[in-house]
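**Q** Give me coordinates for this.
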Amino acid sequence: MFGQSARALTVLSLVVVTELIIASDPVPDPVPNGQCAKIDECSCKYDNGAVVNLHALDRKDGKPKFSNETNTAGNEYYSWNPCSPFSYYSNYSSYHRFYCQNVSVCMIRQGIPRELFYDLGYQGTARFWVDGNGTLKLTYTVDQGDFKSETEITLRCLTNSNVDSLTAYGEQAKTNDVVLYKLELASKYACAYATTSIATRTSTASSNSPSLIGSAWTTICQVLLVLIYVRAGMLCG
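**A** Numbering: from 1, shown residues only. Now for the predicted structure:
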């Protein structure tokens, strides 16, 4: 009888641990359908209800999540924060004038006698769209006077990675008075998830999962204590 109880509790502990792991790492939808309609400046919803949510990547301290990522030529530095604006200023200005003020994307180009700052996007102009290959893009457009600059960020889904990276491909050829800049985000937060898992995934990532991890370990310890109690009873009996 004691043996059956111990085996039952062991199975129960495995089930609880498995459910906690599944809850902490939801599986993305394999094939998002249609376009991705903008919810806010850093999230969108596909036609089938799956959501891409970049809020977990956002910094709210006035600094960018990704800072000074270089292009292939090594003469341009790109910074990006998906949801909250940030600002840079030049040390060459006697008034510490802001360059790239309250932006989502900033590019710094090496120059003489000082570096040049370019505003490449504001959160208010964020637009999500899906290209002909089914790849999700996030774009920002800035009116520069005689031309427009457009920053295109490809959102590449990495389902099994805890590393978020931004690759800068830099300035592309000018077409129809539009200068295009290309970046690529590789992250699990670029994946489309069912709406039921969004709240869990966002809160887990924003806090580095302390509450969920603590809850999981508490449950595991409780189950183990019960197992020890049962086995001790078997020995004493």
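**Q** Just the C-alphas of whichever strand or helix holds residue 69, formatted as PDB.
**A** According to DSSP states H and E, residue 69 maps onto strand 66-70. Presented in PDB, the C-alpha positions along strand 66-70 are these (Å, rounded to 0.1, in the frame of the first residue of the first chain):
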ATOM      1  CA  PHE A  66      20.000  47.200 -28.500                       C
ATOM      2  CA  SER A  67      22.800  49.700 -28.500                       C
ATOM      3  CA  ASN A  68      25.500  50.600 -31.100                       C
ATOM      4  CA  GLU A  69      25.100  47.500 -33.300                       C
ATOM      5  CA  THR A  70      27.600  48.000 -36.200                       C
END
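**Q** Pull out the buried residues from that strand.
**A** 66, 67, 69 (16 or more other C-beta atoms under 10 Å). For the C-beta atoms, the positions are set from N, CA and C on the backbone; glycine is no exception.
**Q** Name the nearest residue to residue 127, ignoring sequence neighbours.
**A** residue 139 (5.1 Å; C-beta to C-beta, 6 or more residues apart in numbering).
**Q** any weak-confidence spans in this protein?
**A** Applying pLDDT under 70 to the chain flags residues 1-31, 90-98, 196-237.
**Q** can you list the domains in it?
**A** 1-26+196-237, 28-193 (automatic domain parsing).
**Q** State the three-state secondary structure for the residue nearest to residue 127.
**A** strand (DSSP: H, G, I helix; E, B strand; the rest coil).
**Q** Give the bridge partners for it, please.
**A** Beta-bridge pairing for residue 139 (DSSP bridges): residue 127, residue 152.
**Q** next SSE after the strand holding residue 69?
**A** strand 76-80.
**Q** Dump the C-alpha coordinates for that next one into CSV.
**A** In CSV, the C-alpha atoms belonging to strand 76-80 read as follows (Å, rounded to 0.1, in the frame of the first residue of the first chain):
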residue,chain,number,x,y,z
GLU,A,76,27.6,53.0,-38.7
TYR,A,77,26.1,52.2,-35.3
TYR,A,78,22.4,51.4,-34.8
SER,A,79,20.4,51.4,-31.6
TRP,A,80,16.7,50.4,-31.2
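**Q** just to revisit the earlier point, which member of the buried residues of strand 66-70 is positioned nearest residue 83?
**A** Using C-beta to C-beta, residue 66 comes nearest to residue 83 of the buried residues of strand 66-70, at 12.8 Å.
**Q** so the closest one sits right up against residue 79, yeah?
**A** Yes - assessed by C-beta atoms under 8 Å, residue 66 is found in contact with residue 79 at 6.2 Å.
**Q** Sketch out the strands for this protein, chain order is fine.
**A** Remark: strands assigned in the chain by DSSP state E are 36-40, 43-46, 51-53, 66-70, 76-80, 86-89, 98-103, 105-109, 116-121, 127-130, 136-143, 148-157, 165-171, 178-187.
**Q** hang on, residue 122 packs against residue 85?
**A** Yes - the pair residue 122 and residue 85 qualifies as a contact (C-beta under 8 Å) at a distance of 7.2 Å.
**Q** Identify the contacts common to the two.
**A** Residues within reach of residue 122 and of residue 85 at once, by C-beta atoms under 8 Å, 6 or more residues apart in numbering, are 102, 103, 104.
**Q** Mark which of the residues you listed are buried, thanks.
**A** Buried among these by 16+ other C-beta under 10 Å: 103, 104.
**Q** Sort out which one of the shared contacts of residue 122 and residue 85 lies nearest residue 115 for me.
**A** For these, the minimum distance to residue 115 (C-beta to C-beta) is 15.6 Å, reached by residue 103.
**Q** mind checking how far that closest one is from residue 167?
**A** 19 Å (C-beta to C-beta, to the nearest Å).
**Q** In TSV: the strands of the chain, plus distance to residue 59.
**A** As requested, the strands of the chain are exported to TSV (distance: least, C-beta to C-beta, whole Å):
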stretch	distance to residue 59
strand 36-40	16
strand 43-46	16
strand 51-53	16
strand 66-70	9
strand 76-80	10
strand 86-89	7
strand 98-103	13
strand 105-109	14
strand 116-121	16
strand 127-130	20
strand 136-143	17
strand 148-157	16
strand 165-171	13
strand 178-187	14
